[in-house]
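Q: The sequence and its predicted three-dimensional model are supplied below.
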Amino acid sequence: MPNLPEKLTGLQAYDPITGSYAVRLDANESYFDLPSVLKAKIADRIEELDFNRYPDPLANETIQAFAAYYGTHANLVTAANGSDELLSLLINCFLAKGSKLVTVSHDFSMYRFYAALSEVETVVVPKTAQLQIDVNALIAACRDADAVIFSNPCNPTSLGLPRNEVIRLLESVSCLVIVDEAYMDFWDESVMDLVTKYENLIVLRTCSKAIGLAAVRMGFAVANPYLTGLLRAAKSPYNCDGVSQAIAATVLRETSLLEQCRTEIIMQTQRLYTAVAELVKRYPSILECVYPTRTNFVFIKTAYAREIFESLAKAGIAVRCFADGLRICAGNRREQTLLLSALEQILQPIG
Ligand code: PMP
């Protein structure tokens with residue numbers, strides 16, 4: 001075997017739930033597939049593509065559509081192969097071996113994964129007992145750090161940090177501040193409009209959640225022209241394929257459809273929250289609490305996470321299991337009914 005670094009040989013592959021489940025509520029995707037008229041429109045667009053040509057390196061049409069939808073400027077936007085690629089790029093290229101990255105816990109696991117691969121030191125600031133970000137502790141940890149990253153609203157807790165608190169952080173630190181707003185379509189406390197005000201701010205967005213394009217892999221970084229120039233220089237030239245660019249540009253222009261889906265998902269998530277809160281009341285010895293959600297999923301704190309997760313899987317329902325809880329994504333009405341009746345059946349015998 002070749003001599004390979006331990007940071008690589010010690011890696012565990014990302015292990016999403018595989019297999020066939022009647023109900024998938026584990027990956028925080030949108031439960032809306034694209035309507036067939038829109039799929040037909042996309043098929044026409046794809047038919048027009050010159051498949052023998054490299055795609056537009058900057059995905060200009062797509063970043064224009066993104067900028068128009070979100071009310072920002074395309075010259076502040078970098079497109080990438082999912083926001084995952086941007087996380088990797090930012091941690092790899094904007095930080096160096098031995099740099100210090102501040103993260104919080106709980107948060108999206110990939111931040112620490114990419115940091116470990118790049119031999120970047122992570123400083124983990126624990127959240128409060130209510131799983132909120134402790135902004136004062138974060139500010140203190142950022143004093144001698146090179147960057148801080150967190151998701152807002154948060155995956156997996158579903159909680160949001162209000163915009164004025166993010167601004168307080170921005171006003172207090174000089175390191176790079178990366179705010180991962182993958183779920184901000186479900187809340188309205190974005191700081192995307194502040195990227196030209198704060199020279200150290202980078203906001204990440206994705207088409208994988210509210211936009212309903214997880215299959216397509218399209219993510220965006222929004223930052224001032226200087227940071228955007230660096231990101232565009234550091235990325236691989238043709239990081240977004242032509243098919244994905246065409247699809248994302250087409251869908252991002254469907255503003256009324258996107259608005260309708262977003263509103264529906266928020267409503268459905270609130271229904272899920274209310275139903276789960278009711279279960280928490282009825283089974284307090286099993287379910288400790290459910291957190292008020294700003295996302296398209298709920299997080300239930302329970303010491304029985306593994307047992308409930310396994311029973312749900314047996315019933316054909318995939319959710320995400322953590323050491324201290326379950327993260328369950330909003331599904332459509334039918335999926336939610338199936339989930340809730342399965343939960344009842346699982347909780348009754350334990351309770
Ligand atoms: N950030 C957060 C907080 C996420 O939850 C996810 C997806 N699970 C991502 C980034 C990655 O999204 P993408 O599909 O754009 O790579």
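A: That came through, no problem.

Q: Excluding chain neighbours, what is closest to residue 60?
A: Once flanking residues are discounted, residue 60 sits nearest to residue 74: 7.1 Å by C-beta to C-beta, 6 or more residues apart in numbering. Heads up, the C-betas are built off the backbone N, CA and C, glycines and all.

Q: and the gap between that neighbour and the ligand?
A: Note on residue 74: its distance to the ligand, by C-beta to the nearest ligand atom, to the nearest Å, is 19 Å.

Q: For that residue, list the residues it contacts.
A: 60, 63-64, 66-67 (C-beta atoms under 8 Å, 6 or more residues apart in numbering).

Q: residues in the stretch 201-350 of the chain within reach of the ligand, list them.
A: 206, 208, 214, 219 (C-beta under 6 Å from any ligand atom).

Q: Which ones among these map onto strands?
A: Of these, the ones assigned to strands by DSSP state E are 206, 219.

Q: Drop anything exposed from the residues of the stretch 201-350 of the chain next to the ligand.
A: Among these, those classed as buried by neighbour count (16 or more other C-beta atoms under 10 Å) are 206, 208, 214, 219.

Q: I'd say residue 80 and residue 236 touch.
A: No. Using C-beta atoms under 8 Å, residue 80 makes no contact with residue 236, being 9.6 Å away.

Q: and these two? which has more neighbours close in?
A: Comparing residue 80 with residue 236 by other C-beta atoms under 10 Å, the one with more neighbours is residue 80, at 25 against 11.

Q: Let me see the contact set for residue 228.
A: Counted by C-beta under 8 Å, 6+ apart, residue 228 has contacts 75-78, 221.

Q: Mark which of those are buried, thanks.
A: Going by neighbour count (16+ other C-beta under 10 Å), the contacts of residue 228 have 76-78, 221 buried.

Q: Restricted to strands, list the residues you listed.
A: Per DSSP E, the buried ones among the contacts of residue 228 map to strands at 77-78, 221.

Q: Relative to the ligand, which of those residues is nearest.
A: residue 221 (10.9 Å; C-beta to the nearest ligand atom).

Q: OK, contacts around that closest one?
A: By C-beta under 8 Å, 6+ apart, the residues touching residue 221 are 77-78, 80, 83, 86, 90, 202-204, 228, 231.

Q: For the ligand, what's the nearest residue on the stretch 251-351 of the chain?
A: Per C-beta to the nearest ligand atom, residue 295 is where the stretch 251-351 of the chain lies closest to the ligand, at 8.8 Å.

Q: can you give me the strands in the stretch 151-300 of the chain?
A: Along the stretch 151-300 of the chain, counting by DSSP state E, counting those that start in this stretch, strands occupy 176-180, 201-206, 219-223, 287-290, 297-302.
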